[in-house]
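# would you be able to build a 3D model of this:
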Amino acid sequence: MKKNLYRKTKLDNGVRLISCPMKDRKSLALGIWVSVGSRYEEPHSAGISHYLEHMVFKGTRNYTCRQIKESIEGVGGSFNGFTSEEVTCYFVKMPSRYLDRSLDILSDMVAQPLLRDEDIRKERTVILEEIKMYKDQPQSYVYELLDGLLWPDHPLGTSTLGSERTVGSIDRQALRSYRSRCYSPANIVVSAAGAFDHGSLAEKVRACLGGLTGGQVNRFLPARPSQKAPQVRILAKDTEQSHLVVGFHGLKRNDPMRYCLSLLHIVLGANSSSRLFNEVREKRGLAYEIGTHVKFMADTGVFIVHAGVDNTKVENTVRLVFDGLQEIRDGLVGADELKRAKEYYLGQLTLAMEDTMDQMLWIGETTTTLDTTFSLDDIVREVKKVTANDIRGAARLLLRPDRINFAMIGPWKNKERVVQKWFRLK
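Have a look, this model is predicted:
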């Protein structure tokens, strides 16, 4: 992948455009990103970023809710949105000849949503049901318990959806004020990948979003972890299976060690060749679902081991997990294992970059969060530098026994002291 593959334009009002022209594709993926998410919210309005994301699909000055859906789906396209801790994104994937339509609809959603009282009341019920749904899914809700341990009394420790109390109190005025303040030009990025000309796209973006004014760059409360001892939270629930996560404070998005941690993740639990999958599932059949996950944010991050386990096999599974963490802290990854991890990382990235949607999401997120993009050549160069010592260094820095955060949902009561005995990392 050549370094000049990506094209950038910044409008006079601060809106940024990043594109990846892919002339041989018949599709177009387009996203409008806003650098705002749940960590930017006040405690009394937790969930407002997600609420607003829902609302912009309900109609704009130029399109009704039904027209938005039919204009995209009626020509074979798809569209959606998501809200995370740090970004909100609205995106479409369409046949490339519908570029103008895609941009017109998305920009109208971001710049001119109606936010009608009636729609707000209806959607409140939908979001409250979404909150209940996730609470009924222990494999999802256990991550909220973990977030509360990692970042207590901080927006990162609360659900992106908010709570029934906060969502119930958000009204039209709150949504309008929040949108006006946070959806300002300096916080907006347009990303696109597919068959189009960048110069022509830039002119269209200027016509749709160049008139936006006002607002400041959004700011959030910094995360300053100060954990000094293991933490445990167990939610007793009558389930057929126990769902558990072990979390450690990780690295920020641009940390020099991020590739070391990503390779550590692959070695431990990213795929069916990983150590934990082999030890826990293949060799002993203790769990169907076992793996690791890594998340990078602006000033912090998290490394997670997750598993869904038969209630009678939890202790054995946890001991194997901690043994695996200890092993990677103490020993060096073998040459063949390190090579496979690097090939997996770069191979997965290469395959993803062939798809217009993955390409759009890749350049959109990095531009929104870091105001930069990385070519595949850049990443290959950095990944190749990582050594077995680097991976062990990352493990020793992050996977420490005094930094364990353990959350579990299952038919357990008063189990915290017992769980503490399972923490056998040195």
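
# when you work out contacts or count neighbours from here on, use the C-alpha atoms and nothing else.
Will do.

# the helices in the stretch 301-426 of the chain, which residues?
314-330, 335-352, 356-370, 376-385, 388-398, 416-422 (DSSP state H, counting those that start in this stretch).

# lowest average pLDDT across those?
Mean pLDDT is lowest for helix 416-422 out of the helices of the stretch 301-426 of the chain, coming in at a mean of 63.

# what about residue 256, how many residues nearby?
11 (other CA atoms under 10 Å).

# likewise for the one 10 residues further on?
Close neighbours of residue 266, defined as other CA under 10 Å, add up to 26.

# isn't there a helix covering it?
Yes: per DSSP: H, G, I helix; E, B strand; the rest coil, residue 266 lies within a helix segment.

# contact partners for the residue nearest to it when sequence neighbours are not counted?
Leaving aside its sequence neighbours, residue 266 sits nearest to residue 341 (CA to CA, 6 or more residues apart in numbering; 5.9 Å). Residue 341 sits next to 263, 266-267 when contact means CA atoms under 8 Å, 6 or more residues apart in numbering.

# rewinding a little: among the helices of the stretch 301-426 of the chain, which is the most enclosed?
Scoring those by mean neighbour count under mean count of other CA atoms under 10 Å gives helix 356-370 as the most buried, with a mean of 21.

# elements contacting it?
Contacts defined by 3 or more CA pairs under 8 Å, 6 or more residues apart in numbering; DSSP states H and E place helix 356-370 against strand 16-21, strand 27-34, strand 188-194.

# can you do 7 Å?
In this structure, helix 356-370 packs against strand 27-34, strand 188-194, with contacts taken as 3 or more CA pairs under 7 Å, 6 or more residues apart in numbering; DSSP states H and E.

# could you export stretch 307-319 as PDB, CA atoms only?
Output of stretch 307-319 as PDB, limited to C-alpha atoms (Å, rounded to 0.1, in the frame of the first residue of the first chain):
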ATOM      1  CA  ALA A 307     -14.800 -16.500  28.900                       C
ATOM      2  CA  GLY A 308     -18.100 -18.200  29.100                       C
ATOM      3  CA  VAL A 309     -17.800 -21.300  31.300                       C
ATOM      4  CA  ASP A 310     -19.900 -24.000  32.800                       C
ATOM      5  CA  ASN A 311     -20.600 -23.100  36.400                       C
ATOM      6  CA  THR A 312     -18.800 -26.200  37.700                       C
ATOM      7  CA  LYS A 313     -15.600 -25.400  35.800                       C
ATOM      8  CA  VAL A 314     -15.100 -21.700  36.700                       C
ATOM      9  CA  GLU A 315     -12.200 -22.200  39.200                       C
ATOM     10  CA  ASN A 316     -10.200 -24.500  36.900                       C
ATOM     11  CA  THR A 317     -10.700 -22.100  34.000                       C
ATOM     12  CA  VAL A 318      -9.600 -19.000  36.000                       C
ATOM     13  CA  ARG A 319      -6.500 -20.800  37.300                       C
END
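
# what's in contact with that stretch?
For stretch 307-319, contacts defined as CA atoms under 7 Å, 6 or more residues apart in numbering pick out 240-245, 280, 286-291, 422.

# now it: how far from the chain's centre is it?
Distance of stretch 307-319 from the chain centroid (CA atoms, centre = their mean, to the nearest Å) equals 27 Å.

# most tightly surrounded among the helices and strands packed on helix 356-370?
strand 188-194 (a mean of 28).

# tell me which strands that one pairs with, and in which orientation.
Paired neighbours of strand 188-194 in the sheet (DSSP bridges): strand 16-21 (parallel), strand 27-34 (antiparallel).

# so how do I select the buried members of the contacts of stretch 307-319 in PyMOL?
In PyMOL syntax, the buried subset of the contacts of stretch 307-319 is picked out as below (16 or more other CA atoms under 10 Å):
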select buried, resi 241+242+243+244+245+280+286+287+290+291
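
# want to throw the contacts of stretch 307-319 into CSV with secondary structure and distance to residue 395?
Converted to CSV, those look like this (DSSP: H, G, I helix; E, B strand; the rest coil; distance: CA to CA, whole Å):
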residue, secondary structure, distance to residue 395
240, coil, 33
241, strand, 29
242, strand, 26
243, strand, 24
244, strand, 20
245, strand, 17
280, helix, 20
286, coil, 25
287, strand, 24
288, strand, 25
289, strand, 23
290, strand, 19
291, strand, 16
422, helix, 19
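
# nearest to residue 217 among the contacts of stretch 307-319?
Nearest to residue 217 among those: residue 245, at 34.6 Å, using CA to CA.

# isn't the closest one right next to residue 407, touching?
Yes: between residue 245 and residue 407 there is a contact under CA atoms under 7 Å: 5.4 Å.

# hang on, the earlier thing: where is pLDDT lowest across the contacts of stretch 307-319?
Out of those, that is residue 422, at 64.

# what about residue 223, neighbour count?
Neighbours of residue 223 (other CA under 10 Å): 16.

# quick one: residue 127 from residue 115, how far?
Separation of residue 127 from residue 115 (CA to CA, to the nearest Å): 15 Å.

# do the same with residue 94
26 Å.

# same question, residue 274
47 Å.

# now residue 177
11 Å.

# give me the more crowded residue out of these two.
Applying other CA under 10 Å to residue 177 and residue 115 shows that residue 115 carries more neighbours, namely 20 against 11.

# list the contacts of the more buried one.
When contacts are counted by CA under 7 Å, 6+ apart, residue 115 touches 55, 172.
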